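Okay, here's the prediction I keep looking at, along with the sequence it came from:
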Amino acid sequence: MSTFHLVDHPLIQHKLTIMRDVNTSSKDFRELLNEVAMLMGYELTRNLPLEEVEVTTPICKARLKRIAGKKLAIVPILRAGLGMVDGLLKLVPVARVGHIGMYRDPETHQPVDYYFKMPPDVENRQIIVVDPMLATGGSASDAIRKLKDSGCTQITMMCLVAAPEGVRKVQSEHPDVDIYAAALDERLNEHAYIVPGLGDAGDRIFGTK
């Protein structure tokens, strides 16, 4: 069964509060999102498998641990998900990056696909799907489904702010996918925006409207 992980470290909560402020500039919003993604990634990668290897230190030989198993792929949902990629790459520079392009139809609030590009060995990697906002859950659920259709079996969702409606949708349609979020907000409004939320993450990252 899918597990919802609330990453409530004080540094993350402090930075998220600044990001919610309508007066925070796009420059500061981008920098804070990058920092929060890196801090969340630290928690998300806590359970990566380790293996023991022999290393020669300046003093002696020793049996020490390094990350083992499948390699990682970071998959942002365009366009807002791009703002979380650099923070994760600072933690795992060797990770590959795929891209899923979707936008929300302003009338139906349903996701519309327009781009899908993955590393050639994506099915052999642990996937981290990133998108700052998990609102209705439609885009996230559709993105996860497309990854599964490509052969991916180990997928985790990471977002900044989640609505209960989005969490329920992803968990009901993908009970094998854990969700990591920095905040679980109250609800969606009549326009399918998260309340209290932080507005349109893509617009705030890139300075558009």
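All right, it came through fine.

Please make it C-alpha for all contacts and neighbour counts, starting now.
Will do.

Any chance you could give me stretch 15-26 in CSV, C-alpha atoms only?
Output of stretch 15-26 as CSV, limited to C-alpha atoms (Å, rounded to 0.1, in the frame of the first residue of the first chain):
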residue,chain,number,x,y,z
LYS,A,15,11.6,27.9,3.4
LEU,A,16,8.2,26.8,2.3
THR,A,17,6.5,29.6,4.3
ILE,A,18,8.7,32.1,2.5
MET,A,19,7.7,30.5,-0.8
ARG,A,20,4.0,30.8,0.0
ASP,A,21,4.3,34.6,0.5
VAL,A,22,2.8,36.4,-2.6
ASN,A,23,5.6,39.0,-2.2
THR,A,24,8.5,36.5,-2.7
SER,A,25,10.2,37.2,-6.1
SER,A,26,10.6,34.6,-8.8
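
quick one: buried residues of that stretch?
Neighbour counts using 16 or more other CA atoms under 10 Å place 15-16, 19, 26 of stretch 15-26 among the buried residues.

tell me the phi and psi of residue 100?
Dihedral pair for residue 100: phi -120, psi 120, per degrees, to the nearest 10.

give me the beta-bridge partners of it?
residue 77, residue 116 (DSSP bridges).

Where does pLDDT dip in this structure?
By pLDDT under 70, the low-scoring segments of the chain are 70, 109.

mind listing the strands for it?
In the chain, the strands defined using DSSP state E lie at 4-6, 50-56, 61-67, 72-78, 96-97, 99-104, 111-117, 126-130, 133-134, 155-162, 178-184, 187-188, 194-195.

which of these is buried the deepest?
strand 133-134 (a mean of 28; mean count of other CA atoms under 10 Å).

Who are the packing partners of that one?
strand 155-162 (3 or more CA pairs under 8 Å, 6 or more residues apart in numbering; DSSP states H and E).

can you do 10 Å?
helix 138-149, strand 155-162, helix 164-173, strand 178-184 (3 or more CA pairs under 10 Å, 6 or more residues apart in numbering; DSSP states H and E).

ok, the last one: who's next to it in the sheet?
The one in question is strand 178-184. Next to strand 178-184 in the sheet, as set by DSSP bridges, lie strand 4-6 (parallel), strand 155-162 (parallel).

can you tell which of the strands of the chain is closest to residue 206?
strand 72-78 (12.1 Å; CA to CA).

chain center to that closest one: distance?
7 Å (CA atoms, centre = their mean, to the nearest Å).

quick one: that strand to strand 99-104, angle?
Angle of strand 72-78 versus strand 99-104, following axes from the mean of the first three to the mean of the last three CA atoms, to 10 degrees, is 30 degrees.

other SSEs contacting strand 72-78?
Short answer (3+ CA pairs under 10 Å, 6+ apart): strand 72-78 packs on helix 85-91, strand 96-97, strand 99-104, strand 111-117, strand 126-130, helix 138-149, strand 155-162.

on that earlier part again, output the strands of the chain as a markdown table; include the columns distance to residue 149.
A markdown table is the format used below for the strands of the chain (distance: least, CA to CA, whole Å):
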| stretch | distance to residue 149 |
| --- | --- |
| strand 4-6 | 23 |
| strand 50-56 | 28 |
| strand 61-67 | 27 |
| strand 72-78 | 15 |
| strand 96-97 | 18 |
| strand 99-104 | 13 |
| strand 111-117 | 12 |
| strand 126-130 | 13 |
| strand 133-134 | 21 |
| strand 155-162 | 12 |
| strand 178-184 | 18 |
| strand 187-188 | 29 |
| strand 194-195 | 29 |
